[in-house]
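Enquirer: Generate a structure from the sequence data that follows.
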Amino acid sequence: MSNRIKVLPSLAISLMTVGLLPCLSLADENRAELMKAHRGGTVRLVSKSAGGTIDPQINYAPQYWNYFPGLYDGLVSFRKAGGVDSLVVVADLAEAMPVIENDGKTYVFKLRKGIKFSNGKELTTDDVVASFQRIFKVSSPTSGTWYNGIVGADACLAKPADCTLDGGVVADKSNSTVTINLTAPDAEFLDKLSMPHASILPKETAPQDTGVEPIPGTGPYAIESYDPNKALVWARNPHFKEWSAEAQPDGYVDRFELDFGLTEDAQVNAVINGQADSMFDQPPTTRLAELGTKYPNQVHLDPQLAFWYLPLNVNLPPFDNVKARQALSYAVDLKAMVNFFGGRNLATPTCQVLPPGLEGYNSFCLYTKSPGAAWSAPDLEKAKQLVGESGTAGQSVTIVIDDGEISRNIGSYLQSVLNKIGYTASVKSISANIHFGYIQNSNNKVQLSVTQWYGDYPAASDFLNVLLGCGSFRKGSDSSPNISGFCNRTLQDQMQKAMALGITDQAGAAKLWAAIDQDAMKYAPLIPLFNPKQVTLVSKRIGNFKYSTATNAWAYTLAWVH
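Expert: Reported below is the predicted structural model:
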């Protein structure tokens, strides 16, 4: 089993500069030899269900975000590498890192020449401009949080269909340059440009969710077919020619086939029997001892910038009452939550939004028997007292879960706890394929749900601002990551201040994020459960396995099959 440490991007860059981290890229001749020896083959992947739309500017679920980096490119990207090397942003479709001008508010990118989409069309600056406009036209989940600092974004957020980003994204076709102007400096802007929502797509791409229809990309692979009831298949992009081994290396494997419909147990059996090469879902807790004992060389254990949590809808009874939210926070036994996930080796209890490894992380726990730096035990008596004070006793609560083993166990447990502290609880289970979008949509009137958040990039804002920021809540949308519907203008002002401060004073920004984390939890808009580790089970055929800290997933374009 492998454990990889985390460092922040700025630290990683510093270590690379002084030579304390190994150089990422193999020598060209060594790569050529490896490619000759290992190129080819088909990898079969398995999962319980599909992951929703394959539109990279709309999908916001972990499953396909694992695979988009080999299908699509941005102007910049995170290095295709394992461990901390993956936290460094490098030039991708741009031939070099941007020239930054105007006190950090202007970024000038020069496009590489000769790059083609998988349909044979050559990339131009027109595609870049249209792609940024499309982020807003399709109401991408992060348009109001990551890209709202682009000049013209306010008008695009108000009227998405008419988005032009006038003055915000400007092309000079003759010189192959694209200039992006911001309303204010943003220390995280390059990280945001490295995410799938900033994928550069053909300008002809429809300004709405393409659903099951593949969009041409520029990566080494292209989607061949997609049936959410059966499989997702992607294979080599015939028009791909490697331009940067750091940003987008040519893959070793020829073809990937992701089949849906297998239970977690069946997925494990398929991998250990050599019928599949990797499984998306976590292995059942009942199989972990067996896997660790019998197949240790096929199991990879890696820490994640992530947490499991319970969003509480602050706009619906009973959780529109802060005391009701605090009551459930006191009542939940985090030790039981960890055990549902597989035990202390696989998860650590948490009482806060920020996970370990991020600037601003400072361990604390407000809702526990003995409040302090860490969770101690549930306090049912305090919970019952708060329910009484809230005047919400006897109200009905429905817990919406996905149909996975861990969520089912958590849902049953929560039903019991809610009943104990004075509510009438029930559980509603829906397919994991639609669960994440369903619980985001306020039209579905979800009071309480079980979900997870995996950091998109290593920054406090990607947790606090995305999950609890006012701009992340969109009524009636499946792309509304602020599932709680929480908006506190004072906290939002503090988050904006922290993001701005990060440009000039990272230490000061970290202290401010730590304070925001604590202040947010006083309102209890969600209940943190635990920080997980990723268990990746692979077949004996898989070689060169590397886990990317940046993407919280294995770097599949670097792997090969024997």
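Enquirer: Next, count neighbours for the nearest residue to residue 251 once chain neighbours are set aside.
Expert: Spatial nearest neighbour of residue 251, chain neighbours left out: residue 557 (4.2 Å); criterion: Cβ to Cβ, 6 or more residues apart in numbering. Just so you know, the C-beta spots here come from the backbone N, C-alpha and C atoms, and that holds for glycine as well. Other residues within reach of residue 557 by the criterion other Cβ atoms under 10 Å amount to 21.
Enquirer: OK, contacts around residue 557?
Expert: Residues near residue 557 by Cβ atoms under 8 Å, 6 or more residues apart in numbering: 69-70, 80, 220-221, 248-252.
Enquirer: Using TSV, lay out those together with distance to residue 412 and neighbour count.
Expert: Shown next, in TSV, are the contacts of residue 557 (distance: Cβ to Cβ, whole Å; neighbours: other Cβ atoms under 10 Å):
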residue	distance to residue 412	neighbour count
69	36	29
70	38	24
80	41	29
220	44	24
221	40	25
248	44	24
249	45	22
250	47	18
251	42	26
252	43	22
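Enquirer: rewinding a little: quick one: the residue nearest to residue 251 from residue 322, how far?
Expert: Between residue 557 and residue 322 the distance is 46 Å, computed by Cβ to Cβ, to the nearest Å.
Enquirer: pretty sure residue 188 contacts residue 459?
Expert: Yes. With contact defined as Cβ atoms under 8 Å, residue 188 reaches residue 459; the gap is 5.1 Å.
Enquirer: intersection of neighbour lists for those two?
Expert: Jointly contacting residue 188 and residue 459 under the rule Cβ under 8 Å, 6+ apart are residue 502.
Enquirer: the more surrounded of those two?
Expert: Using other Cβ under 10 Å as the criterion, residue 188 and residue 459 rank with residue 459 on top: 25 against 20.
Enquirer: quick one, helices of the stretch 51-200 of the chain?
Expert: In the stretch 51-200 of the chain, the segments counted as helices under DSSP state H, counting those that start in this stretch are 62-65, 125-137, 153-158, 189-193.
Enquirer: Residues in contact with the second one: which ones?
Expert: The list of residues contacting helix 125-137 from outside it, by Cβ under 8 Å, 6+ apart, reads 57, 75, 93, 109, 111, 117, 143, 147, 150, 153, 156-157, 160-161, 163-165, 168-173, 176-178, 180, 197-203, 205, 207-208.
Enquirer: how many neighbours does residue 515 have?
Expert: Count around residue 515 with other Cβ under 10 Å applied: 15.
Enquirer: wait, what's in contact with it?
Expert: Neighbour list for residue 515: residue 494 [criterion: Cβ under 8 Å, 6+ apart].
Enquirer: Let me know the pLDDT of it.
Expert: Note on residue 515: pLDDT of 98.
Enquirer: Surely residue 138 and residue 55 touch.
Expert: Yes. Using Cβ under 8 Å as the test, residue 138 is close enough to residue 55 to be in contact (7.3 Å).
Enquirer: Find residues that contact each of these two.
Expert: Residues touching both residue 138 and residue 55 (Cβ under 8 Å, 6+ apart) are residue 209.
Enquirer: Regarding this protein, what is its longest strand?
Expert: Ranked by number of residues, the top strand in the chain under DSSP state E is strand 526-537.
Enquirer: Past that one, which element shows up next along the chain?
Expert: strand 542-543 (DSSP states H and E).
Enquirer: hang on, residue 352 packs against residue 364?
Expert: Yes. Residue 352 is within contact range of residue 364, at 6.2 Å (criterion: Cβ under 8 Å).
Enquirer: rewinding a little: the residue nearest to residue 251 - that's part of a helix, no?
Expert: Yes. Using DSSP: H, G, I helix; E, B strand; the rest coil, the assignment for residue 557 is a helix.
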